[in-house]
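Undergrad: Kindly generate the corresponding structure for this input.
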Amino acid sequence: MVDPTRGVLYPSHLPTFHRLAPDAEAADAVAWFWIPEWRLPEGAVSRQELVSYPAVNLVVAPEGVTISGATTRASTRELRGAGWAVGALLRPAAVAALVDDAAVLVDAEHPFDAPDLHAAVTAAMGRDERHRETAVSAFSAWLSQRIGPLGAAGWQANALVDVLWGERAALTPEEAATRLAVSVRTLQRLTHRTVGLAPGAIIRRRRLQEAAQRLRDEPETDLAALAAALGYADHAHLSRDFSAVLGLPPRDYRARASG
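TA: Residues are numbered from 1 along each chain as shown. Now for the predicted structure:
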């Protein structure tokens, strides 16, 4: 898995947070599970700011199950009191088995009818110190049963993950299509159906996540060199993308993240 703080704009503000691998039976359905747990003093608020992965998430919380799509801007959640969530960052093949069209989920969150999943994960989260692993096992088993064995279309859809935002990911939709041995138009249909975004938007989101992480971890990074390393034409192009999604330019974010 990637660094557990990637996509989190201010990791120091996080509550207890874990990313766990799925059980083997669900490895084709889930990239990873993410589990925040918090207990805040009365009246306190923890503000979480994220540049989410370009993916669909299925989330179990005490109040129910929801499914949320890819986002086009940085997002914010405010945590109060005490609580937890168990989220599954879904691989494309799982999305196709759970929803008809991921595009309708973009920038949205909807209730998802899965009372048996909710009951199993909620019971697991109330157990001993291994509650997170128990919850992941229950979630993995539910997904495996719900989705079943992958067919050729599922394997092809999952290949998108590695090519568009895995290690050594493609820098352009054309490169991604070539590596997948499909046309750019076929790639566009696949990402629209299983992610809800165009290939170029997925690539840009990955690059912005990497840019934010580098600016936090390596505050002396030269912005022009960072832009070139991430495939941007120049520093100005990176700054435009960064400001459009995060709401502030790279220099300001670096100062805020290191402050």
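Undergrad: Tell me which stretches of the stretch 151-259 of the chain form helices.
TA: For the stretch 151-259 of the chain, applying DSSP state H, counting those that start in this stretch gives helices covering 152-165, 173-180, 184-194, 199-217, 223-229, 235-246, 250-257.
Undergrad: closest to residue 75 out of the ones you listed?
TA: helix 235-246 (10.3 Å; C-beta to C-beta). (C-beta placed from N, C-alpha, C; glycine too.)
Undergrad: next one: that closest one to chain centre, how far?
TA: 20 Å (C-alpha atoms, centre = their mean, to the nearest Å).
Undergrad: I would like the residues contacting that helix, please.
TA: For helix 235-246, the external contacting residues (C-beta atoms under 8 Å, 6 or more residues apart in numbering) are 9, 51, 72-74, 204-205, 207-208, 211-212, 223-224, 226-227, 230, 232, 248-250, 253.
Undergrad: ok, 6 Å please
TA: Under the contact criterion C-beta atoms under 6 Å, 6 or more residues apart in numbering, helix 235-246 has outside partners 73-74, 204, 208, 223-224, 227, 232, 249-250.
Undergrad: ok, now stretch 171-185?
TA: Outside of stretch 171-185, the residues that reach it under the criterion C-beta under 6 Å, 6+ apart are 159, 163-164, 170, 187, 199-200, 231.
Undergrad: if you set the cut-off to 10 Å instead, what comes out?
TA: Stretch 171-185 has contacts (C-beta atoms under 10 Å, 6 or more residues apart in numbering) with 156, 159-160, 162-165, 168-170, 186-191, 198-203, 206-207, 230-232.
Undergrad: quick one: buried residues of that stretch?
TA: Using 16 or more other C-beta atoms under 10 Å as the burial criterion, the residues of stretch 171-185 that qualify are 173, 175-177, 179-180, 182.
Undergrad: Next: stretch 236-245.
TA: Neighbour-count burial for stretch 236-245 flags 238-239, 241-242, 245 (criterion: 16+ other C-beta under 10 Å).
Undergrad: now do stretch 58-66
TA: Going by 16+ other C-beta under 10 Å, stretch 58-66 has these buried residues: 58-61, 65-66.
Undergrad: Contacts only, for the closest residue to residue 203 other than its chain neighbours.
TA: Sequence neighbours aside, residue 164 is the residue nearest to residue 203 in space, at 6.1 Å (criterion: C-beta to C-beta, 6 or more residues apart in numbering). Contact partners of residue 164, counting by C-beta under 10 Å, 6+ apart, are 54, 92, 170, 173, 175-176, 179-180, 187, 190-191, 195, 197, 199-203, 205-206.
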